[in-house]
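>>> sequence first, then the predicted structure:
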Amino acid sequence: MELSERIRAIVDRQAINDQMTRYIQAVDRCDLALLKSVFHADGVVDFGVFAGNAWEFCEQNIPFIKENLVMGWHRFTNVGLELEGDRAKAESYMLGNAAVRLPDGSLINCPDNMRYLDVWEKRAGIWRIYSRDLVLDWNASWAFSQRSDGEFEQYQLQGRRDESDPVYQLDLIRPL
């Protein structure tokens, strides 16, 4: 592989990694526009609970998160990526956690580990997800408790699940 091809591969890998980060930010901040920006409009997802058009998934998923999850965060790691010109295949691990409100009003903590199986396409110079499948590896649940006593009272900044989150003030979250 020539040096220019290797450099192009590094740039493409970083662009995909940046989009993966945007996906996680979008889900955790409940940012519909940002979430849609990560997918091609004709993209597809299969998450078991939803299989179909990616943008329709986004339009269903963000309201569901807002209505049912009191808090949620995700992180991705262990990305295996194979570039094939303007297409790429990837497997990435995702560790997530959410506080879910039950019908009786109580909260449970729901951590899970999943994997995304993706097909990425670069169109007009921008990498976006064309196809995403979700593989559930494990999950659990237990009673939720969020400490705000003791030293936890001293934290000045609290995460928010919308555009009032402090990260937006730094202009770090924006769609391509």
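Perfect, thanks for sending it.

>>> leaving out sequence neighbours, find the closest residue to the most centrally placed residue in the chain.
Nearest to the mean C-alpha position of the chain, counting by C-alpha atoms, centre = their mean, stands residue 24 at 2.6 Å. Spatial nearest neighbour of residue 24, excluding adjacent residues (C-beta to C-beta, 6 or more residues apart in numbering): residue 74 at 4.9 Å. Quick note: C-beta positions are derived from backbone N, CA and C, even for glycine.

>>> list the buried residues of the helix or strand containing that neighbour.
Using DSSP states H and E, residue 74 sits within strand 69-84. Across strand 69-84, burial judged by 16 or more other C-beta atoms under 10 Å covers 69, 72, 74, 76, 81, 83.

>>> can you redo the residues you listed as TSV with pLDDT and distance to residue 50?
Shown next, in TSV, are these (pLDDT from 0 to 100; distance: C-beta to C-beta, whole Å):
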residue	pLDDT	distance to residue 50
69	88	16
72	87	17
74	92	17
76	92	19
81	96	24
83	97	28
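
>>> just checking: what are the partner strands of the strand holding residue 74?
The strands beside strand 69-84 in its sheet (DSSP bridges) come out as strand 87-101 (antiparallel).
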